[in-house]
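Enquirer: Return atomic coordinates for the entry below.
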Amino acid sequence: MIYTRIVLLSSSHLSLCIHIYLHIEIQRNGRVYVHEPKTKVDLTRIIETQAFVFDDAFDSHETNELIYARTIKPLVDFVFEGKLLKY
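Expert: Residues are numbered from 1 along each chain as shown. As a prediction, the model looks like this:
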C-alpha cells in the first residue's frame, strides 16, 4: 500500500527554495495531478500535467484521525483478528 499526503509549505520552507507555481489536484481514488505552467522555446505558454497514482491521497485539510482510519486501522484490525500479514 502506498499513500501520500500533500501539505502546503510553511513560510520558513518557502524562504529556502525557489518559488515554483504548481496546481495540485487530489482525487478520492488516489490520483494526484500536478499541473505545472511552462514556457516552450518559442515562448508559447503551456501547462504540463503529470499524473501519479497511489492507493489513497490526502490533502492538508484531512485530519490525522481520518488518515489513520483509512490507512492504518484496517491493518491493525486485520492483525488483531489473528490473520497474518505478508510482505
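Enquirer: Please tell me how far Thr39 sits from Glu48.
Expert: Separation of Thr39 from Glu48 (Cβ to Cβ, to the nearest Å): 11 Å. No exception for glycine: its C-beta is placed from N, CA and C like everyone else's.
Enquirer: Downstream of the helix or strand of the chain with the lowest mean pLDDT, the next helix or strand is which one?
Expert: In the chain, no helix or strand scores lower on mean pLDDT, DSSP states H and E than helix 11-14, which sits at a mean of 61. Under the assignment DSSP states H and E, the closest C-terminal helix or strand after helix 11-14 is strand 23-26.
Enquirer: ok, now how distant is Val41 from Lys73?
Expert: Distance from Val41 to Lys73, counting by Cβ to Cβ: 50 Å.
Enquirer: So which of those two has more stuff around it?
Expert: Set Val41 next to Lys73 and count neighbours by other Cβ atoms under 10 Å: Lys73 wins out with 12 against 5.
Enquirer: Ile24 against Thr4, yeah?
Expert: No: here Ile24 does not reach Thr4: they are 10.5 Å apart, not a contact under Cβ atoms under 8 Å.
Enquirer: Which residues are in contact with each of these two?
Expert: Val32 (Cβ atoms under 8 Å, 6 or more residues apart in numbering).
Enquirer: For the most far-flung residue of the chain relative to its centre, give its distance to Asn29.
Expert: Largest separation from the mean C-alpha position in the chain: Asp42, at 32.6 Å (Cα atoms, centre = their mean). Asp42 sits 36 Å away from Asn29, going by Cβ to Cβ.
Enquirer: and what of Thr4?
Expert: Separation of Thr4 from Asn29 (Cβ to Cβ) stands at 13 Å.
Enquirer: Need the pLDDT of Val41.
Expert: Per-residue pLDDT puts Val41 at 92.
Enquirer: Show me the strands in this protein, by range?
Expert: For the chain, the strands defined by DSSP state E cover 3-5, 23-26, 31-39, 45-53, 56-58.
Enquirer: Flag the shaky bits of the chain, pLDDT-wise.
Expert: 1, 7-21, 84-87 (pLDDT under 70).
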